[in-house]
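sequence isn't available, so here's the structure alone:
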């Protein structure tokens, strides 16, 4: 799908004067996720890699355990004012239907959860306990990840308006990078890719994100068996608590040679 950017008129004001010109923006559109024809949730996302997004979302939410749990995933009819399919409704047929409570709101995997309740909720759904002290990662390797991620943000180059997430090996080799208007969607797209590539649990991989480390991103990493999460910006207090509770290495303010290691420093070769 190619509609990840759009052009809009803008008035550019600068010290040298004003000019009217088109600007390139990141597209934000709703994706309604259905299971067996029943609406589950709506998430605001940048179109593209929707199949991976849905796989990753359902996996991180504990609804599926493998790619084989999804029999089909297809776009449903949903048209705009010109009668064109919007590709904004995706229905998934599960191999074994499970009771699902519809979520008629914008997706936030931590909605309704706080403090100890949130930690207990993730702990009960965790499929793959993280291996202790592995993989071992060099500090120099971590320091290079933000630039490696940034170099692969093609849509950000055009718009300046997208988050990114990347999966890397312990030696810093990039396996996959996804961009999206929502940081949680970018991670879901990665997890969905890894699930379909039979790479989960990802006990040997690292997750790097372009923004902050929220509770929901730590949750998704832990559910996918990813032992290390690096973020360019700050984590939240609950994100640190969850990382400590699950044994995940959480690194924030990762900007070149400086970084804050909040949990799991035993995986790092300092």
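The structure has been received and is ready for your questions. Remember, it's a predicted structure, so these values are computed and weren't measured experimentally. Numbers count the residues shown, from 1 in each chain.

quick one: mean pLDDT over stretch 221-240.
Mean per-residue pLDDT for stretch 221-240: 96.

that stretch: end-to-end distance?
Taking C-alpha to C-alpha, to the nearest Å, stretch 221-240 runs 13 Å from one end to the other.

quick one: it to chain centroid distance?
Centroid separation between stretch 221-240 and its chain, computed with C-alpha atoms, centre = their mean, to the nearest Å, is 11 Å.

stretch 213-222 now?
Taking mean C-alpha positions (C-alpha atoms, centre = their mean), stretch 213-222 and its chain are 9 Å apart.

contacts for it?
56, 60, 108-110, 113, 118, 122, 126, 130, 183-184, 187-188, 191, 207, 209, 229, 231, 233-236, 238-239, 242-243, 246, 248, 250, 252 (C-beta atoms under 8 Å, 6 or more residues apart in numbering). All C-beta atoms are positioned from the backbone trio N, CA, C, and that covers glycine.

are any of these buried, and which?
Neighbour counting by 16 or more other C-beta atoms under 10 Å classes 56, 60, 108-110, 113, 118, 122, 126, 130, 183-184, 187-188, 191, 207, 209, 229, 231, 234-236, 238-239, 242-243, 246, 248, 250, 252 among the contacts of stretch 213-222 as buried.

can you tell me which of these are in strands?
The strands, defined by DSSP state E, take in 207, 209, 229, 231, 250, 252 from these.

around the closest residue to the fourth one other than its chain neighbours, how many other residues sit close by?
What sits nearest to residue 231 in space, not counting adjacent residues and going by C-beta to C-beta, 6 or more residues apart in numbering, is residue 213, at 3.8 Å. Counted by other C-beta atoms under 10 Å, the residues lying close to residue 213 total 28.

measure residue 213 to residue 163 for me?
Applying C-beta to C-beta, to the nearest Å, one obtains 12 Å for the distance of residue 213 from residue 163.
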